[in-house]
Structures are given as C-alpha cells and as structure tokens.
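S.K.: Sharing a sequence plus its predicted fold:
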Amino acid sequence: MDSKQIAHLRLINQQLTQPQLTKAADLVSWMGCIQSQDFAGAKWAIANRVQGLTDLQIEADFNAGKILRTHILRPTWHFVCPEDIGWMLQLTAPHIKAMSKSMHKQLDINQDTLNKSKDILIEALTGNKHLTRQQLLPYYAEKGINTDDIRLGIILMDAELDGLICSGAKQGKQFTHALLHERVKSTSTLDREAAIAELAKRYFYSHGPATLQDFAWWSGLNLGDSKHGLAMNKEALASEIVNGQTYWFYGEAEKQSNKSKSAQLLPAFDEYTVAYKDRSSVLSTDYNKATGNGIFKPLIIIDGQVAGIWKRSLTKNKVIIDPELFKPIDKRAQQKLMSEARRFGKYLGLAPQVNGFNEE
C-alpha cells in the first residue's frame with residue numbers, strides 16, 4: 001500500500017466514491033458524526049456522499065430531528081444521529097468539559113451560573129419549544145446572567161455536553177435550541193468500554209485507512225483509550241505499514257479498491273481532511289498554507305489528492321464556482337470537475353457556472 005492507495009480507500013470508505021447509502025441519517029451514522037460548524041458546508045458534505053440528496057431535503061431532515069447538531073467531539077459542532085447522541089456524549093463530554101474550564105475561568109463562568117442556566121433552559125424550552133439565542137436572552141436577563149461576549153455560547157455548550165439541550169428546528173435562517181429528552185424520546189447508553197469500541201469501529205470503518213494518532217485526534221480520546229478502542233476492533237480490521245506508520249481499515253475495503261479517476265468539490269472542514277492528524281496522504285505540504293492545512297478552505301480533490309481550492313457565489317438562478325487550481329489539470333479531470341459542479345448546482349436547485357472552464 002502507498003499514499004495513493006490510502007487516498008483511494010478513504011474515498012471509498014467515506015462514501016465519496018462508490019456510495020452505498022441513500023439517506024442523510026444513514027451517512028451520519030456510518031461516519032460516526034460529521035463536523036458541522038459551517039452548517040451550509042456540512043450539508044454539502046452529506047450530499048457529496050449520498051447521491052441525489054438536495055439541500056432542501058437535508059434541511060428538512062435536520063428540522064425534523066433525523067439528524068442533530070451539537071458539541072460532541074472536540075469543542076466544535078458536529079452532526080450526529082439521535083440514536084447515537086446519548087452514548088457518544090456520555091463518552092466524550094467529560095473530556096470536552098475539562099477542556100472548557102480555562103474558558104469558564106477567563107469569562108468568569110462558575111458552576112452556580114451553569115446550574116442557573118440549566119434551570120432557565122428547562123423553564124424556557126419545556127413543551128417542545130424551540131428557541132433562538134435571541135429569544136433566550138430575556139430569560140437570562142431576568143435572572144441577571146451576563147450574556148455578553150461569547151458567554152452565552154459557552155454556557156449553552158455546557159448544557160449540550162450535559163445532554164440537556166441539542167439543536168431544534170430552524171426558524172428561517174436562525175438556529176434554535178430544544179430539550180434533548182423532548183427531541184429524542186429515548187437515548188441509548190453504553191458502558192464506557194463498549195462506547196470506546198463502538199466509536200473506534202465507526203471511525204476505522206468509515207475513515208480508514210487511518211492511524212491510531214488519527215483516531216485520537218478525531219475522537220478527542222486520550223491515547224490510552226484510543227489504543228483500547230483499536231485493540232477491541234483489530235479482528236475486524238486489516239492493517240498496512242506505510243512510511244513507518246501502521247494504517248488500519250475495514251478489511252473488505254481492500255478488495256473493493258480501485259484507482260478509478262474521480263473529482264470532488266469538498267466544503268471547508270470536510271471529514272476527508274479534518275478527520276486526520278496526518279493529512280500527507282492526500283495533501284502535499286506545499287499546499288498547507290493555501291488550504292489552511294486542508295481544513296479552512298473548500299477543496300478541489302482530483303484522484304484523491306487536494307488539487308486546489310474553490311469559492312462559490314449565488315445569484316437568483318445560478319451558482320458561480322471560481323476554482324483556483326494549484327497545477328493545470330487535463331481534459332478528463334476538467335470534465336469530471338464540471339460533472340461535480342453540475343451535481344452541486346442540482347443540489348442547490350441552481351444552474352452551475354464554473355469560471356475558467358468550458359464543458360466541451
């Protein structure tokens with residue numbers, strides 16, 4: 001196995017090529033969870049992996065609670081399925097809460113404030129009410145809780161980590177919060193060892209080939225727990241040593257692997273890059289700065305490798321895509337990129353225009 005084969009197996013396991021799933025929730029479940037602080041980008045990350053889904057369909061699933069959005073791995077937003085949110089929070093929240101203590105101290109947020117906030121949220125949201133941050137402000141003001149700066153966001157994140165609240169249905173373009181026990185009638189729990197094993201399984205099946213260090217980075221678990229999770233799944237995984245690193249992956253994937261040509265327009269923060277501590281198999285170090293280390297910019301992928309970045313702009317009837325390629329690409333790659341642009345346009349319900357390319 002070499003770096004190119006690692007990239008092609010990741011494309012398959014991440015459902016970016018040879019997709020097998022038909023629903024947004026099935027994809028989120030397969031991936032474990034999907035980073036989603038860029039909500040619009042994260043919806044396209046799902047549609048990139050499930051053929052035929054539109055932005056409106058994913059938005060409808062989100063509003064219906066078929067996929068939820070909360071802080072669950074590392075201190076950032078992720079999409080997660082209702083059936084997974086309970087056991088996953090139980091496993092990962094203690095670590096994130098420990099990481100948050102310094103921010104609490106910096107913002108003068110004490111435990112009494114957090115306890116009062118939870119009482120406020122129960123009062124405000126009980127009865128399947130879904131409220132925006134703006135709508136919650138009067139409740140906090142009445143109790144004399146300072147919501148200046150980023151305090152409210154940090155306070156609400158603590159309630160998410162405690163499993164009290166999660167995402168509600170959007171009000172227009174505004175996000176809301178809802179009580180988790182009203183949004184999800186029955187959350188599943190696992191003992192800690194089983195939860196570690198399940199999280200490791202989801203990761204290596206959907207993101208492999210990947211290293212132990214990659215899993216520890218993605219999950220936020222310490223190295224000891226990460227090793228234990230990998231050990232409990234080793235019988236179902238294959239491994240290869242590449243450049244002195246051991247890569248683990250679902251064994252069946254190797255049989256399915258091929259080096260068929262492909263292209264993708266990925267959003268920023270896509271799991272294809274953000275889910276790995278070491279991105280060198282898909283991203284040349286020459287392009288780290290231009291891509292924000294493969295995280296902060298939307299990426300053009302050609303044959304599994306980061307080949308450029310792109311921007312989009314919307315008009316009433318069109319989505320305009322401006323690609324910035326790091327090197328010239330051949331006609332075949334241009335055609336595949338145009339095909340992806342058409343798919344992106346169909347996803348948005350708009351006609352695509354790719355500047356600098358033609359479709360001939």
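M.R.: Right, received. Where do you want to start?
S.K.: and residue 79, what is it in contact with?
M.R.: Under the criterion of CB atoms under 8 Å, 6 or more residues apart in numbering, the neighbours of residue 79 are 28, 33-34, 36, 42, 46, 67-69. All C-beta spots, glycine's among them, are computed from the backbone N, C-alpha and C.
S.K.: bridging residues for the closest residue to residue 177 other than its chain neighbours?
M.R.: Once flanking residues are discounted, residue 177 sits nearest to residue 165: 4.8 Å by CB to CB, 6 or more residues apart in numbering. Judged by DSSP bridges, the bridge partners of residue 165 are residue 179.
S.K.: mind listing the helices for the stretch 251-360 of the chain?
M.R.: For the stretch 251-360 of the chain, the helices defined by DSSP state H, counting those that start in this stretch cover 252-256, 271-274, 288-291, 331-348.
S.K.: Just the buried residues of the longest one, please?
M.R.: Put plainly, it is helix 331-348. Residues of helix 331-348 classed as buried: 333-338, 340-341, 343-345, 347-348 (neighbour count, 16 or more other CB atoms under 10 Å).
S.K.: wait, doesn't residue 82 sit right on residue 68?
M.R.: Yes - between residue 82 and residue 68 there is a contact under CB atoms under 8 Å: 6.0 Å.
S.K.: For burial, what's the neighbour tally of the closest residue in space to residue 171 that isn't next to it in sequence?
M.R.: Of all residues beyond its chain neighbours, the one nearest residue 171 is residue 132 (6.0 Å), with distances taken as CB to CB, 6+ apart. Counted with other CB atoms under 10 Å, residues neighbouring residue 132 total 15.
S.K.: Same question for residue 285.
M.R.: 9.
S.K.: and the helices of the stretch 251-360 of the chain, which one's lowest on average pLDDT?
M.R.: If you rank the helices of the stretch 251-360 of the chain by mean pLDDT, helix 252-256 sits at the bottom with a mean of 57.
S.K.: My understanding was that residue 31 contacts residue 14; is that so?
M.R.: Yes - counting by CB under 8 Å, residue 31 touches residue 14, with 7.4 Å between them.
S.K.: Quick check: neighbours shared by those two?
M.R.: Looking at what touches both residue 31 and residue 14 (by CB under 8 Å, 6+ apart), the common residues are 206-207, 271.
S.K.: PyMOL command for the buried members of those residues?
M.R.: In PyMOL, this line selects whichever of these come out buried by 16+ other CB under 10 Å:
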select buried, resi 206+207+271
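S.K.: and of the shared contacts of residue 31 and residue 14, the nearest to residue 177?
M.R.: Closest approach to residue 177 among the shared contacts of residue 31 and residue 14 (CB to CB): residue 271, at 24.9 Å.
S.K.: Report the contact partners of the closest one.
M.R.: 14, 31, 34-35, 45, 207.
S.K.: Sticking with residue 118, tell me its helix or strand.
M.R.: Using DSSP states H and E, residue 118 maps to helix 111-125.
S.K.: So of the contacts of residue 79, which two are at opposite extremes in space?
M.R.: Among those, the pair separated by the greatest distance (CB to CB) is 46 and 68, at 13.2 Å.
S.K.: hmm, back to that, restricted to helices, list the contacts of residue 271.
M.R.: In this view, those that belong to helices under DSSP state H are 31, 45, 207.
S.K.: quick one: the first one from residue 80, how far?
M.R.: This means residue 31. 10 Å (CB to CB, to the nearest Å).
S.K.: cool, the last one as well?
M.R.: The span separating residue 207 from residue 80 equals 15 Å under the rule CB to CB.
S.K.: For the helix holding residue 118, output the C-alpha coordinates as CSV.
M.R.: Below are the C-alpha coordinates for helix 111-125, written out as CSV (Å, rounded to 0.1, in the frame of the first residue of the first chain):
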residue,chain,number,x,y,z
GLN,A,111,-20.9,26.4,38.5
ASP,A,112,-23.7,28.4,40.0
THR,A,113,-24.1,30.2,36.7
LEU,A,114,-24.2,26.9,34.8
ASN,A,115,-26.8,25.5,37.2
LYS,A,116,-29.0,28.6,36.9
SER,A,117,-28.6,28.4,33.1
LYS,A,118,-29.9,24.8,33.1
ASP,A,119,-32.9,25.8,35.1
ILE,A,120,-33.6,28.7,32.7
LEU,A,121,-33.4,26.4,29.7
ILE,A,122,-35.8,23.9,31.3
GLU,A,123,-38.3,26.7,32.0
ALA,A,124,-37.9,28.3,28.6
LEU,A,125,-37.9,25.2,26.4
